[in-house]
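Engineer: Predicted coordinates and the sequence they were generated for:
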Amino acid sequence: MANILIVGDGAIGLLLSHFLSASNHVTVLTRKASTNTRFYSRGNNASKKINAQFISLNQLNKNNEFDLVLFTVKAFQVPDAFAQVKPFLPKGCSVVLSHNGMGNVDEINDQLNSTQALYFLTTSMAGYKSNLYIVQHTGEGQSVVGGCNSLALQNNEVTAEALKAVPNIKWTDNIHQLRFEKLLVNIAINPLSALNNIKNGELRSPKYNAIIFSALNEACNIAKAQGLDIPLIKALNTAYKIMELTCDNYSSMQQDVVHNRTTEIAAICGYIRQQGKLYNIKTPYNNELLAKIEAKKSVV
Ligand SMILES: NC(=O)C1=CN([C@@H]2O[C@H](COP(=O)(O)OP(=O)(O)OC[C@H]3O[C@@H](n4cnc5c(N)ncnc54)[C@H](OP(=O)(O)O)[C@@H]3O)[C@@H](O)[C@H]2O)C=CC1
Ligand SMILES: CC(C)(CO)C(=O)C(=O)O
């Protein structure tokens, strides 16, 4: 039984705390005023109390002996969340990041000591908060975890045992490739669904084919420059399959834009633009999607 801290009580934080607390001791760090119990709900079943302790930052102390600290905040929230928790990270603990989009791994790794392993968990399980305290589990999806520093790549026994309770979890020795593959899905779906205010399935309309093709082609060129093997045809097939599987869902970016929240576009199309500059590869379609989503936020 591992001692786990989950940072962030959003949809993914609550789903993971529900599953992990079946076989681990779980504490969830919230920045909300209330540390009352949260609930997990699935379909028409009665909601269940999540068997975890909810705490605020001032309740963290240096005597907490966490084996695993999991960050389930959005990509752009990781630096601040990590800075808050860093003083309380035990010397030998493992850190797991989990978010959509790229970035954060190198920056966090630079701040860990040589006895702290770093992992990344990418997930396709789906959920949303129907109110501050309840997570609705809406999709099964696979979760894939892999090591991001040499310590994590050498020995993952404790982390593997703790994360066993996450449904459909598998391990990879190339998490960067898995993250990039998820990034391609997010490039194809998230900005266009947000800009057109449509469900994922509506993106299968022929009028979006050309832009999806061009944006993914740019991203596959970046993948190739990074030494990854992701053919455009594979990226397109996966993106259209996910549009089909999630046809009645609104993407997270569509929801962020509708609710005037900061989106993860910087970690998605912004990452492609930044890598394009690095490798001298033109990325006009991703640049345009980035600019349009950024403009949307500023006019809402
Ligand atoms: N929801 C889904 O179905 C899926 C989500 N993802 C990805 O997983 C990540 C998390 O998504 P999701 O759970 O939906 O997002 P949410 O916005 O619901 O959750 C993020 C949570 O982190 C909290 N938080 C942010 N900063 C801190 C901090 N410094 N200290 C404590 N808590 C903090 C936020 O608090 P507050 O509520 O107070 O703002 C919020 O509750 C995203 O990258 C998303 O793209 C991936 C697959 C599916
Ligand atoms: C897979 C997809 C596109 C599902 O909506 C997603 O990850 C998101 O909405 O952020």
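Structural biologist: Structure's in. What do you need? Ligands and ions are numbered 1, 2, ... in the order given.
Engineer: Run a quick neighbour tally on the residue of the stretch 1-150 of the chain found nearest ligand 2.
Structural biologist: The stretch 1-150 of the chain approaches ligand 2 most closely through Asn100 (5.2 Å), counting by CB to the nearest ligand atom. No exception for glycine: its C-beta is placed from N, CA and C like everyone else's. Per other CB atoms under 10 Å, the neighbour tally for Asn100 reads 21.
Engineer: any idea how far Ile108 is from the residue nearest the centre of the chain?
Structural biologist: Centroid-nearest residue in the chain, with CA atoms, centre = their mean: His99, separated by 1.6 Å. Using CB to CB, to the nearest Å, His99 is found at 11 Å from Ile108.
Engineer: Could you do Gln226 as well?
Structural biologist: For Gln226, the distance to Ile108 - CB to CB - is 19 Å.
Engineer: Just the element for Ile230, please.
Structural biologist: Using DSSP states H and E, Ile230 falls within no helix or strand.
Engineer: same question, the one 4 residues further on
Structural biologist: Assessed by DSSP H and E, Lys234 sits inside helix 232-245.
Engineer: Could you export the next helix or strand after that helix as PDB, keeping only the C-alpha atoms?
Structural biologist: Sequence order places helix 252-258 as the next helix or strand after helix 232-245, per DSSP H and E. Below are the C-alpha coordinates for helix 252-258, written out as PDB (Å, rounded to 0.1, in the frame of the first residue of the first chain):
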ATOM      1  CA  SER A 252     -12.000  20.000 -23.100                       C
ATOM      2  CA  MET A 253     -11.000  23.100 -25.100                       C
ATOM      3  CA  GLN A 254     -14.500  23.700 -26.400                       C
ATOM      4  CA  GLN A 255     -15.600  23.600 -22.700                       C
ATOM      5  CA  ASP A 256     -12.700  25.900 -21.600                       C
ATOM      6  CA  VAL A 257     -13.600  28.400 -24.300                       C
ATOM      7  CA  VAL A 258     -17.400  28.300 -23.500                       C
END
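Engineer: tell me what whatever helix or strand comes next after helix 252-258 is packed against?
Structural biologist: Next helix or strand after helix 252-258 toward the C-terminus (DSSP H and E): helix 265-279. Counting contacts by 3 or more CB pairs under 8 Å, 6 or more residues apart in numbering; DSSP states H and E, helix 265-279 packs against helix 175-196, helix 209-225, helix 284-299.
Engineer: Can you name the residues of the chain sitting close to ligand 1?
Structural biologist: Residues of the chain found near ligand 1 (CB under 6 Å from any ligand atom) are 7-13, 29-32, 72-75, 77, 80-81, 84, 99-100, 123, 126-129, 252, 264.
Engineer: Which ones among those residues lie within helices?
Structural biologist: Ala11, Ile12, Gly13, Asp80, Ala81, Gln84, Ser252 (DSSP state H).
Engineer: Just give me the neighbour total for the second one.
Structural biologist: Counted with other CB under 10 Å, the neighbours of Ile12 add up to 24.
Engineer: Quick check, it in contact with Thr123.
Structural biologist: Yes - with contacts defined as CB atoms under 8 Å, Ile12 counts as touching Thr123 at a distance of 6.7 Å.
Engineer: Need the residues touching each of these two.
Structural biologist: Ser98 (CB atoms under 8 Å, 6 or more residues apart in numbering).
Engineer: residue contacts, Val145?
Structural biologist: With CB under 8 Å, 6+ apart, Val145 has these contacts: Val96, Tyr119, Phe120, Leu121, Thr122, Thr159, Leu163, Ile169, Lys170, Trp171, Thr172, Ile175.
Engineer: do you know how far the last one is from ligand 1?
Structural biologist: Going back to what we said before, that points to Ile175. Separation of Ile175 from ligand 1 (CB to the nearest ligand atom, to the nearest Å): 15 Å.
Engineer: Can you report how many residues lie near that residue?
Structural biologist: Ile175 - counted by other CB under 10 Å - has 21 other residues nearby.
Engineer: how close does it get to Tyr250?
Structural biologist: 27 Å.
Engineer: returning to what we had before: who's more crowded, Gln226 and Ile108?
Structural biologist: Between Gln226 and Ile108, counted using other CB under 10 Å, Ile108 has the larger neighbour count: 21 against 14.
Engineer: Many thanks, we can stop here.
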